[in-house]
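Trainee: attaching a predicted model along with its sequence, questions to come.
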Amino acid sequence: MAYVRKIRVFVPSSLCAGASVLLELSQAHYLCHVMRLKVSDRFLIFNGKDGEWEASLTEVGKKHASAMAERAVRAQVDESDIRLLFAPLKHGPLDFLVQKATELGASVLQPVLTERTVVRRINAERMQSQVQEAAEQCERLTVPECKPLLELSEVLSAWPIDTPLLFCDEARQDQGILRVLAAEPQRFHGAGILIGPEGGFSDHEVEMIRSQPYVVPVSLGTRVLRAETAALAALACWQGVMER
């Protein structure tokens, strides 16, 4: 009977001692054909609510597999509430952004349409699969929530007024994000980060964003960053201040 610590699988079902879990086809393939697990071999499962559990493989078929939760190994804990708002990108950069944002602790991924957004669609199933795989690999106990693609104006109008939204505006000389976060860390424990599209926000959009009472304009430095780089830089700064 083998147990491999790094094998982790996200499951949507409730977890408790003795709970039976039916694995998805892709998970069954990964465990049985990629990792070569057999019946009674152990691995880890989590669902974002009930902590992390050691489980054993109980049944293996050609197109399915099942497991049983046996022992809790990590209790569920509250995680950071940092929401990332970003314009859709081409597949390569978007995949990179989604995976790394998950590793850096983003709780919500919200794609937004702006005037200069080139990519006008999001493959929701692909994005959900990527955040799940990234969460499994980086040992998170939760999986980020992937929101549907919305117009920027819709997102701003629905944004909770008591939640600050860090607006990373590359065209302005605002205070650096680290200085802003360090000055009032308690204020930003629950917050959002807004990153523009590859062509930047239009003047109209900048005016609309800056007019919102919850928006906090910040700078990411003197260099013009690619959209995916800006998102990860902002998340890393937030994490560095809030999770130290």
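Mentor: Perfect, I can see it now.
Trainee: now the helices for the protein?
Mentor: 25-29, 91-103, 124-138, 152-158, 177-183, 203-210, 227-242 (DSSP state H).
Trainee: which of the ones you listed has the lowest average pLDDT?
Mentor: Lowest mean pLDDT within those: helix 25-29, a mean of 90.
Trainee: what pLDDT does the residue nearest to Val180 when sequence neighbours are not counted get?
Mentor: Leaving aside its sequence neighbours, Val180 sits nearest to Val218 (C-beta to C-beta, 6 or more residues apart in numbering; 5.2 Å). C-beta: built from backbone N, CA, C; applies to glycine. On the pLDDT scale, Val218 is placed at 96.
Trainee: hey, what's Val218 bridged with?
Mentor: Beta bridges link Val218 to Cys168, judged by DSSP bridges.
Trainee: who's in contact with it?
Mentor: Leu166, Phe167, Cys168, Asp169, Asp174, Gln175, Gly176, Ile177, Val180, Ala234 (C-beta atoms under 8 Å, 6 or more residues apart in numbering).
Trainee: rewinding a little: now the helices of the chain in a markdown table, with distance to Ser56?
Mentor: Output for the helices of the chain, formatted as a markdown table (distance: least, C-beta to C-beta, whole Å):
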| stretch | distance to Ser56 |
| --- | --- |
| helix 25-29 | 14 |
| helix 91-103 | 27 |
| helix 124-138 | 18 |
| helix 152-158 | 44 |
| helix 177-183 | 44 |
| helix 203-210 | 51 |
| helix 227-242 | 35 |
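Trainee: and Asp81, which of those helices is closest to it?
Mentor: helix 227-242 (9.7 Å; C-beta to C-beta).
Trainee: between that closest one and helix 91-103, how big is the angle?
Mentor: 10 degrees (axes from the mean of the first three to the mean of the last three C-alpha atoms, to 10 degrees).
Trainee: put the buried members of the contacts of Val218 into a PyMOL selection.
Mentor: A single PyMOL command selects the buried members of the contacts of Val218 (16 or more other C-beta atoms under 10 Å):
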select buried, resi 166+167+168+169+174+177+180+234
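Trainee: can you add distance to His29 and give the contacts of Val218 back as TSV?
Mentor: Output for the contacts of Val218, formatted as TSV (distance: C-beta to C-beta, whole Å):
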residue	distance to His29
Leu166	40
Phe167	43
Cys168	39
Asp169	45
Asp174	48
Gln175	49
Gly176	46
Ile177	42
Val180	46
Ala234	36
